[in-house]
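[1] What follows is a protein structure lacking sequence information:
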Ligand SMILES: NC(=O)C1=CN([C@@H]2O[C@H](COP(=O)(O)OP(=O)(O)OC[C@H]3O[C@@H](n4cnc5c(N)ncnc54)[C@H](O)[C@@H]3O)[C@@H](O)[C@H]2O)C=CC1
Ligand SMILES: CC(C)[C@@H](O)CC[C@@H](C)[C@H]1CC[C@H]2[C@@H]3[C@H](O)CC4=CC(=O)CC[C@]4(C)[C@H]3CC[C@]12C
């Protein structure tokens with residue numbers, strides 16, 4: 001990447017730049033990357049909000065494209081200094097087929113890598129996931145683990161399988177010669193459960209609570225901790241890695257980093273109530289209201305209903321066998337590898353992250369507040 005003497009000379013590409021995380025990465029880059037000359041935003045679905053970004057000093061180029069189409073990816077990558085690859089199908093609710101998940105998350109990532117090699121882009125940051133590690137199919141807890149904690153990362157669900165394979169492709173590509181003969185430098189970031197403004201699953205929980213008269217019913221023991229991280233801090237980690245990857249290629253190239261901040265360790269449902277409670281919802285029960293075997297039965301019933309209704313409509317409730325198993329298995333991280341390797345410190349405190357998320361929920365259409 002260019003040195004500081006060549007300010008505003010860099011071209012970045014963000015795939016999935018109109019998604020929940022992608023939008024925060026785009027906005028963070030425009031605010032925090034002084035060397036940015038052009039920001040390319042590549043997405044299957046471009047958002048109308050992109051227009052407001054085109055009035056600033058940085059050239060914002062919106063590209064409607066599909067990562068499964070190699071030629072579209074190559075055209076978008078050509079000439080970029082850095083690619084931040086966040087595009088993906090985040091589906092654990094049975095909305096899309098396993099084949100489609102693989103095509104987007106794995107083949108799409110392969111297309112991004114090959115585009116970097118063929119066009120000479122040297123720096124690739126990949127948004128991986130905690131799910132690459134776990135929770136695994138055995139339901140083994142991962143309690144405040146780090147990037148080196150031994151853990152049997154075995155998966156069966158299409159989503160974690162696709163993320164694990166894509167991450168492996170990215171890390172293995174580190175050091176490949178790109179057009180021009182210099183090495184490709186890659187890095188993978190593993191967010192835990194991201195929350196914040198624009199989080200669709202939080203929106204779904206909120207709307208479910210409104211439909212149930214302002215109540216949500218506890219399904220998971222409060223003792224089961226689930227790692228969460230604020231979207232603004234995840235976005236900042238992407239920006240920082242993209243900036244530091246050239247200068248610290250020997251240290252960071254081919255590495256994985258968990259995304260973390262100071263968000264508290266809580267169960268998934270209790271953590272959500274940090275935002276939904278101040279917005280008028282109540283979590284009923286200090287312990288799960290239903291026995292686990294009944295939850296398992298209801299989750300399986302949801303799968304059957306999804307299959308029966310598919311010819312008529314997409315039925316994709318929050319409760320299914322995979323989401324129940326995930327929620328019911330402790331998975332938290334405690335690490336400082338990102339700080340040690342590239343000086344990451346979360347810019348948003350827990351209090352700020354919580355306040356921003358609450359304000360977003362309150363501003364949601366149909367809000368009870
Ligand atoms: N939401 C979460 O809690 C976590 C998400 N991640 C990862 O972060 C990344 C972003 O996730 P989110 O922002 O939550 O999802 P999202 O669904 O909000 O954003 C994904 C974006 O990728 C785009 N996209 C999907 N298929 C595409 C294709 N074929 N071609 C081009 N663009 C395509 C979508 O249009 C969307 O704008 C994903 O790679 C996901 O695996 C990782 C850990 C946690
Ligand atoms: C219905 C209840 C059992 C309820 O508690 C279910 C919660 C469930 C929808 C979530 C519990 C854990 C979440 C996942 C976790 O944060 C890890 C993830 C990483 C990603 O890369 C994408 C999202 C997700 C799979 C996330 C999805 C929602 C949960 C399964």
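    Sure, I can see it. This one's a predicted model, so the numbers in the text were calculated from it and none came from an experiment. Ligands and ions are numbered 1, 2, ... in the order given.
[2] Name the residues of stretch 284-304 that are buried.
    For stretch 284-304, burial by neighbour count (16 or more other CB atoms under 10 Å) applies to 288, 295, 299, 302, 303. Using the backbone N, CA and C atoms, a C-beta is placed for each residue, glycine as well.
[3] ok, the first one - contacts?
    Meaning residue 288. By CB atoms under 8 Å, 6 or more residues apart in numbering, the contact set of residue 288 is 218, 219, 220, 221, 295.
[4] Repeat the analysis, applying 10 Å as the threshold.
    Counting by CB atoms under 10 Å, 6 or more residues apart in numbering, residue 288 makes contact with 217, 218, 219, 220, 221, 222, 269, 294, 295, 328.
[5] Nearest to residue 310 among those?
    Closest to residue 310 out of those is residue 295 (22.9 Å), distances taken as CB to CB.
[6] quick one: the closest one and residue 319 touch, right?
    Yes: Residue 295 is within contact range of residue 319, at 7.3 Å (criterion: CB atoms under 10 Å).
[7] intersection of neighbour lists for the two?
    In contact with both residue 295 and residue 319: 219, 327, using CB under 10 Å, 6+ apart.
[8] What does the pLDDT read for the closest residue to ligand 2 within the stretch 101-250 of the chain?
    Here the stretch 101-250 of the chain gets closest to ligand 2 at one residue, residue 193, 2.7 Å apart by CB to the nearest ligand atom. Residue 193 carries a pLDDT score of 98 in this model.
[9] Verify the stated contact: it with residue 135.
    No: using CB under 10 Å, residue 193 is not in contact with residue 135, being 11.6 Å away.
[10] More neighbours: these two, which one.
    It is residue 135, of residue 193 and residue 135, that has more neighbours when counted by other CB atoms under 10 Å, with 24 against 20.
[11] contact partners of the host helix or strand of residue 250?
    Secondary structure from DSSP states H and E places residue 250 in helix 249-252. With contact meaning CB under 10 Å, 6+ apart, helix 249-252 is reached by 122-123, 125, 174-175, 183-187, 241, 244-246, 338, 340-342.
[12] cool, and stretch 333-345?
    Applying CB under 10 Å, 6+ apart, the external contacts of stretch 333-345 come out as 130, 133, 142-149, 187, 189-192, 227, 229, 233, 236-237, 240-241, 243-245, 247-248, 251-252, 255-261, 265, 346.
[13] quick one, what contacts the nearest residue to the residue of the stretch 101-250 of the chain closest to ligand 2 once chain neighbours are set aside?
    Leaving out its chain neighbours, the residue that sits closest to residue 193 by CB to CB, 6 or more residues apart in numbering is residue 228, at 4.6 Å. For residue 228, the contact set (CB under 10 Å, 6+ apart) comprises 191-196, 260-261, 263-266, 268, 271-272, 274, 332, 353.
[14] Report the separation between residue 228 and ligand 1.
    Distance from residue 228 to ligand 1, counting by CB to the nearest ligand atom, to the nearest Å: 8 Å.
[15] got it, and residue 161?
    For residue 161, the distance to ligand 1 (CB to the nearest ligand atom) stands at 12 Å.
[16] What is the neighbour count of that residue?
    Residue 161 has 19 nearby residues by other CB under 10 Å.
[17] same deal with residue 99?
    Other residues lying near residue 99 total 9 when counted by other CB under 10 Å.
[18] mind pulling up the phi and psi values for it?
    phi -60, psi -40 (degrees, to the nearest 10).
[19] who in this protein is up against ligand 2?
    Counting by CB under 6 Å from any ligand atom, the chain comes close to ligand 2 at 90, 92, 129-131, 193, 201, 219-220, 226, 268-269, 318-319, 323-324, 326-327.
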